[in-house]
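Undergrad: quick one: sequence and predicted model below, then my questions.
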Amino acid sequence: MPSCLLIERLLPPSENRIVNVFGIVLAILTAANLLVTSAAVSRWQSRLLGAEPKNRIEKRVDEVYGDERMKKIYPNMVFKTFEEE
């Protein structure tokens, strides 16, 4: 079966396994980053609307990713409400 990926053409077959493992690890780290980011932004929006944390995870997210930290990470983030539309 011919390979279309340039990296598979450049590396010997024995090193393709290393590339595959690296790709899987990178995908897992990217998914974890996406999960943490979405939780932090969701809690930030909830805090702005006055919602209290409902469980330990939300409390921990509030401790680690407070409003000031979130403003530094996402300085241009704007939340729209239904009243603004």
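TA: Structure's in. What do you need?
Undergrad: worst-scoring helix or strand of the chain, pLDDT-wise?
TA: When the helices and strands of the chain are scored by mean pLDDT, DSSP states H and E, helix 6-10 comes last with a mean of 68.
Undergrad: tell me where the chain has helices.
TA: Taking DSSP state H as the criterion, the chain carries its helices at 6-10, 13-48, 56-64, 67-73.
Undergrad: reformat the ones you listed as a markdown table; add mean neighbour count.
TA: (Glycine included, C-beta is placed from N, CA and C.) Supplementary listing: those in a markdown table, determined by neighbours: other CB atoms under 10 Å:
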| stretch | mean neighbour count |
| --- | --- |
| helix 6-10 | 10 |
| helix 13-48 | 12 |
| helix 56-64 | 13 |
| helix 67-73 | 12 |
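Undergrad: can you tell me which of those has the worst average pLDDT?
TA: Of all those, helix 6-10 carries the lowest average pLDDT, namely a mean of 68.
Undergrad: returning to what we had before: wait, which of the helices of the chain is closest to residue 79?
TA: Closest to residue 79 of the helices of the chain, according to CB to CB: helix 13-48, at 5.3 Å.
Undergrad: now do that closest one: which elements does it pack against?
TA: Under the contact criterion of 3 or more CB pairs under 8 Å, 6 or more residues apart in numbering; DSSP states H and E, helix 13-48 touches helix 6-10, helix 56-64, helix 67-73.
Undergrad: angle of it against helix 56-64?
TA: 90 degrees (axes from the mean of the first three to the mean of the last three CA atoms, to 10 degrees).
Undergrad: what about helix 13-48, distance to the chain center?
TA: Per CA atoms, centre = their mean, to the nearest Å, the displacement of helix 13-48 from the mean C-alpha position of its chain is 6 Å.
Undergrad: for residue 57, which non-adjacent residue is closest in space?
TA: If the residues on either side of it in the chain are set aside, residue 57 comes closest to residue 39, at 7.5 Å by CB to CB, 6 or more residues apart in numbering.
Undergrad: pretty sure the one you found sits against residue 59.
TA: No: shown here, residue 39 and residue 59 do not form a contact pair, counting by CB atoms under 8 Å, at 12.0 Å.
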